[in-house]
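A.B. asks: Generate a structure from the sequence data that follows.
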Amino acid sequence: MKKLLILLFISQFTVLFSQKNVKMYNERKGDSIIFYVDNQEIYPVSLVFGGQPETENLKKPELFRITQVIPAKTTKQRVTFFVVNDKRKGWAIKKMPGYLMYIGDITIKDYDTQYQYDLPFRKGKSFLMYQGYNGTFSHQNENSLDFTMPEGTEILAAREGLVIDVVQSNNKSCPTVSCAPFGNYVSILHSDGTIAQYFHLQQNGAKVNIGDNVTKGQLIALSGNTGWSNGPHLHFVTFLPSATGDKNRVTLKTLFRTGNGDKVEFLGEKKTYLKAY
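C.D. replies: Numbers count the residues shown, from 1 in each chain. Have a look, this model is predicted:
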């Protein structure tokens, strides 16, 4: 008599997003057992398994990949399959390794380093860069930017992309890390796999929805003072998803057009930037 399949799945989502419509399952076809993943999200997800499957009387016709990227809106993406080795004997999947799940493609190493971002506010406005890359208050070892600006300032997309997450229900802030979970934000996935996040937005201040394709310069939100914040400002960060980086990401320095738009530079702390384009 054939032994029962013994399946063990341990799923942990390591990046906080509002949707997690990803499912792994298996099907039996003749002497084959096939594992699939459905990813109903609008963004790719990366699965990192904790080891190799443990089986009895089953062979793996293909190498089991520890890291697998599942494209957006995918059904029946094959993860692995097994074939009964000796049909006269019992067989079992003793253990399927647990996995961690990451938003985005963690295998991306090359991205558009020369892309020119627009300043994320209206023409004619100027704002102080209160905290820059690797800042001392909350940006240690992080390539993030803080623009000091009044609550309710219109925030424009610095780059075109797909809105993959929106949080706007929070109305709490304080200058300590304990308030970090209460920040409102919009996350936008770019064509090269990088993701931009616009943080500390006003409660109910988002002007876009998950699934929207936005253009550069489009109104996406109103600035605020929510989450880990010591005053009204916009926190802007671009990153690549990562399985090993701090907060499961690698933050990136990005070039911005400044002044009349004819100058391209990395923004510096304690400098004021005018957008005249």
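
A.B. asks: Now do the contacts for Pro232.
C.D. replies: 148-151, 200, 223-225 (Cβ atoms under 8 Å, 6 or more residues apart in numbering). C-beta here means a position set from N, CA and C on the backbone, and glycine is covered the same way.

A.B. asks: now swap in Asp118 and tell me
C.D. replies: By Cβ under 8 Å, 6+ apart, the contact set of Asp118 is 156-159, 216-217, 256-257, 275, 277.

A.B. asks: what do you get if the cut-off is 10 Å, keeping everything else the same?
C.D. replies: Listed by Cβ atoms under 10 Å, 6 or more residues apart in numbering, the contact set of Asp118 reads 156-160, 216-217, 256-258, 261, 275, 277.

A.B. asks: if we can go back for a sec, CSV for the contacts of Pro232, including distance to Glu56?
C.D. replies: Putting these into CSV (distance: Cβ to Cβ, whole Å) gives the following:
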residue, distance to Glu56
Thr148, 63
Met149, 62
Pro150, 66
Glu151, 62
His200, 54
Ser223, 59
Gly224, 57
Asn225, 59
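
A.B. asks: Could you look up the SS state of the residue sitting furthest away from the middle of the chain?
C.D. replies: Distance from the C-alpha centroid of the chain peaks at Arg88, with 47.6 Å (Cα atoms, centre = their mean). Secondary structure for Arg88, judged by DSSP: H, G, I helix; E, B strand; the rest coil, is coil.

A.B. asks: Gly227: neighbour count?
C.D. replies: Gly227 has 22 neighbours, counted by other Cβ atoms under 10 Å.

A.B. asks: how close does it get to Pro175?
C.D. replies: The gap separating Gly227 from Pro175 is 10 Å, by Cβ to Cβ, to the nearest Å.

A.B. asks: next one: Val45
C.D. replies: 34 Å.

A.B. asks: With neighbour numbers in mind, choose between those two.
C.D. replies: Val45 (26 against 12).

A.B. asks: what sits opposite the more buried one in the beta ladder?
C.D. replies: According to DSSP bridges, the residues that bridge with Val45 are Ile70, Ile103.

A.B. asks: need the contact list for it.
C.D. replies: Residues in contact with Val45 (Cβ under 10 Å, 6+ apart) are 13, 15, 17, 20-22, 37, 39, 68-72, 74, 101-106, 241.

A.B. asks: Who are the packing partners of the helix or strand hosting Leu234?
C.D. replies: Assessed by DSSP states H and E, Leu234 sits inside strand 233-241. Packed against strand 233-241, as judged by 3 or more Cβ pairs under 10 Å, 6 or more residues apart in numbering; DSSP states H and E, are the following elements: strand 126-131, strand 144-148, strand 185-189, strand 195-199, strand 219-223, strand 249-252.

A.B. asks: As CSV, the ones you listed with mean neighbour count would be great.
C.D. replies: Below are the helices and strands packed on strand 233-241 laid out as CSV (neighbours: other Cβ atoms under 10 Å):
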stretch, mean neighbour count
strand 126-131, 18
strand 144-148, 22
strand 185-189, 24
strand 195-199, 22
strand 219-223, 22
strand 249-252, 20
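
A.B. asks: Out of the ones you listed, the one nearest Val237 is which?
C.D. replies: Val237 lies closest, by Cβ to Cβ, to one member of these: strand 144-148, at 4.1 Å.
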